[in-house]
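> Kindly generate the corresponding structure for this input.
(2 chains)
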Amino acid sequence: MKNELFKPEGLKTENPRRQFLKMSGLTVAGAGLLLMGCNDEDRMPNMGGKVSLGSGDTGILNYAYALEQLEAAFYAQVMMGSFFANASAEEKIIFGDLEKHERAHREFFKVALGANAIGDLEVDFSSIDFSNRNSVLAAAKTFEDLGVAAYNGAGQFLESADLLLIAGKIVSVEARHAAAIRDLINPNSVDFAGDDLIDANGLERTLNFQQVLTAASAFVKTEIDFSQLPR
Amino acid sequence: MNLIKLLDSICPDTNTAEEKDRFYSRRDAFRQFGDFSKKVALGAVPLSILTALPNVAKADTATLIGVLNYALTLEHLEYRYYQLGLDSGVIQASERPIFQKIRDHELAHVKFLTEVIANVLKGTPVAEPKFDFTVGGAFAPFSDYPTFLALAQAFEDTGVRAYKGQAANVMESDVVLTAALSIHSVEARHASMVRRLRTKKGLDTQKGWITNASIGSLPAATQAIYAGEENVSHAGVNVVSLTGIDAGAVSEAWDEPLSMNQVLDIAGLFLGTN
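Next up, the predicted model:
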């Protein structure tokens, strides 16, 4: 398929263990770290899997793809839960839309990345009660606010103007989602653009790769190596 | 656009390794500046550190000033609109806090952009234009609440598209790009809230996101604000064909940019004549 947005950067052939040691201070999921004492010949254990986002714009697209995978998986599960089954008409429309939007984002990034796309992440939503409205809305708020802060923080590292525009097209939709979810939680309040996110200059918070992936790691089993992302 | 190519085109005389280093490190220098400014920019714009700004080619600075003055013009428009709305008493009492919050953000954007243009980029911030929000008497936003809400939606959705359309023009400055993105998402939050508020009040059937290029129950004059929002293809990928998701939902999932000229045509409707 000729949908790749950029040329592959060439496969990195570094010894995966050395590379892992080099960046282990930055790894997100903890599972792999416990096994660093294994003998040198071992490749990294595949507990819960491990993906490497890669470098440059590819790495940043994979970062976005990882977040969209997480969001899409979450909303797919929301729609199978009893909160959704009993939700108000407005909430059904909103969650139905969000499921479609995030699935569309995920599938787009997958095809745009082509052979460079990371594999499927294994998610862990055991901390979310999909029968409970408060639990589902709180998780949705976390994911949407996180997505906005992630795109806002990553934009400066993109080298391609085309990719920057695509990220811009998506981040404002994530912000629209976030505002709607926050308004479902606290209707007709100022929380849709709350002071917890927006500073005295009227600027929304940004989060860096480590902050975002650390927050996401509560919901992802797969270890995500982001050591090659730009800094 | 590739950054290195961009810099080459701006600085064709960077032949020596030393010159290349100097120019190619500009993005890094901006980035360091950005990290520093984030640490101290909690309240006001940190004027004290502005001397840390690295050398920037004049052409780049002129571009940045131009884009930020364009953004400032739109922020002047939004701020003045909400301030006049709050002053007029047209806003339903229970919903005043929403518009006070939005007004506060727009005023903060005006101040922030003014400071960056004047004190970071050493340019001249545009003065606030004279606005006519009645468009020659066609609209009565400050005596009719549904009209106030309709124009608020129009301004917020325009703002989102306007910032998006300029991202590439400021991308060589990490500081300016990140600030623009951080304003852009705030405008999108406003837009979502105002759109949904109108629907909750029975004034429209719009959602927080834009379906196709629908203007809903907005005046026909707003069609230019939504033109192109029906797009479902990105980077050559038709996402409807790819996913089988309906075109309405796919169009909602990506917001589209507007060019500076398109936005100025829209905003021009609200500029006073004297």
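
> center of chain A, which residue is that?
Centrality entry for chain A: nearest residue to the mean C-alpha point is A:Leu67, 1.5 Å, by CA atoms, centre = their mean.

> which helices and strands does the longest helix along chain B pack with?
Counting by DSSP state H, the longest helix found in chain B is helix B:58-88. The helices and strands touching helix B:58-88, judged by 3 or more CB pairs under 8 Å, 6 or more residues apart in numbering or on different chains; DSSP states H and E, are helix B:96-115, helix B:145-166, helix B:174-200, helix B:260-268. (Each C-beta comes from the backbone N, C-alpha and C, glycine too.)

> what distance separates it from the centre of its chain?
9 Å (CA atoms, centre = their mean, to the nearest Å).

> And stretch B:110-128, by the same measure?
Using CA atoms, centre = their mean, the offset of stretch B:110-128 from its chain centre is 15 Å.

> got it, and stretch A:183-203?
22 Å.

> Show me what counts as buried in that stretch.
A:Asp183, A:Leu184, A:Ile185, A:Val190, A:Asp191, A:Phe192, A:Ala193, A:Leu197, A:Ile198, A:Asn201, A:Gly202, A:Leu203 (16 or more other CB atoms under 10 Å in any protein chain shown).

> Likewise for stretch B:90-104?
Result for stretch B:90-104 [16+ other CB under 10 Å]: buried residues B:Val90, B:Ile91, B:Ile98, B:Phe99, B:Lys101, B:Ile102, B:Arg103, B:Asp104.

> And B:Glu252, how far from chain A?
Computed with CB to the nearest CB, to the nearest Å, the distance linking B:Glu252 and chain A is 6 Å.

> Pop out the phi and psi values for the closest residue to that residue other than its chain neighbours.
The shortest distance from B:Glu252 to any residue other than its chain neighbours is 4.1 Å, reached at B:Trp209 (CB to CB, 6 or more residues apart in numbering or on different chains). With angles defined as degrees, to the nearest 10, B:Trp209 sits at phi -110, psi 160.

> can you map out the helices along chain A?
A:16-23, A:56-78, A:82-85, A:89-113, A:133-154, A:161-185, A:209-216.

> model confidence over the second one, on average?
Rounded to a whole number, the mean pLDDT of helix A:56-78 is 98.

> Let me have that helix in CSV, keeping just the CA atoms, if that works.
Extracted in CSV, the C-alpha atoms of helix A:56-78 (Å, rounded to 0.1, in the frame of the first residue of the first chain):
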residue,chain,number,x,y,z
GLY,A,56,11.9,11.1,14.2
ASP,A,57,8.5,11.7,12.8
THR,A,58,7.9,8.0,12.6
GLY,A,59,8.4,7.7,16.4
ILE,A,60,6.0,10.6,17.0
LEU,A,61,3.4,9.1,14.7
ASN,A,62,3.7,5.8,16.6
TYR,A,63,3.3,7.7,19.8
ALA,A,64,0.0,9.1,18.5
TYR,A,65,-0.9,5.7,17.2
ALA,A,66,-0.3,4.2,20.7
LEU,A,67,-2.6,6.8,22.3
GLU,A,68,-5.3,6.3,19.7
GLN,A,69,-5.1,2.6,20.2
LEU,A,70,-5.7,3.1,23.9
GLU,A,71,-8.6,5.5,23.4
ALA,A,72,-10.2,3.3,20.7
ALA,A,73,-10.0,0.2,22.9
PHE,A,74,-11.4,2.1,25.9
TYR,A,75,-14.5,3.3,24.0
ALA,A,76,-15.1,-0.1,22.4
GLN,A,77,-15.2,-1.5,25.9
VAL,A,78,-17.5,1.3,27.1
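
> Which other helices and strands does that helix contact?
helix A:89-113, helix A:133-154, helix A:161-185, helix A:209-216.

> on that earlier part again, tell me who's in contact with the residue nearest to B:Glu252.
Going by CB atoms under 8 Å, 6 or more residues apart in numbering or on different chains, B:Trp209 touches A:Asp97, A:His101, A:Val173, A:Arg176, A:His177, B:Ser192, B:Arg195, B:Glu252, B:Ala253, B:Asp255.

> same thing but 7 Å
Residues in contact with B:Trp209 (CB atoms under 7 Å, 6 or more residues apart in numbering or on different chains) are A:Asp97, A:Val173, A:Arg176, B:Glu252.

> quick one: which of those is nearest B:Pro125?
Nearest to B:Pro125, judged by CB to CB, of the contacts of B:Trp209 is A:Arg176 at 29.4 Å.

> Leaving out chain neighbours, which residue sits closest to the closest one?
B:Ser192 (3.8 Å).

> B:Arg96 too?
Nearest to B:Arg96 is B:Leu86, by CB to CB, 6+ apart, at 6.9 Å.

> pretty sure that neighbour is in contact with B:Pro97, am I right?
No. The pair B:Leu86 / B:Pro97 is not scored as a contact, 10.6 Å apart, by CB atoms under 7 Å.
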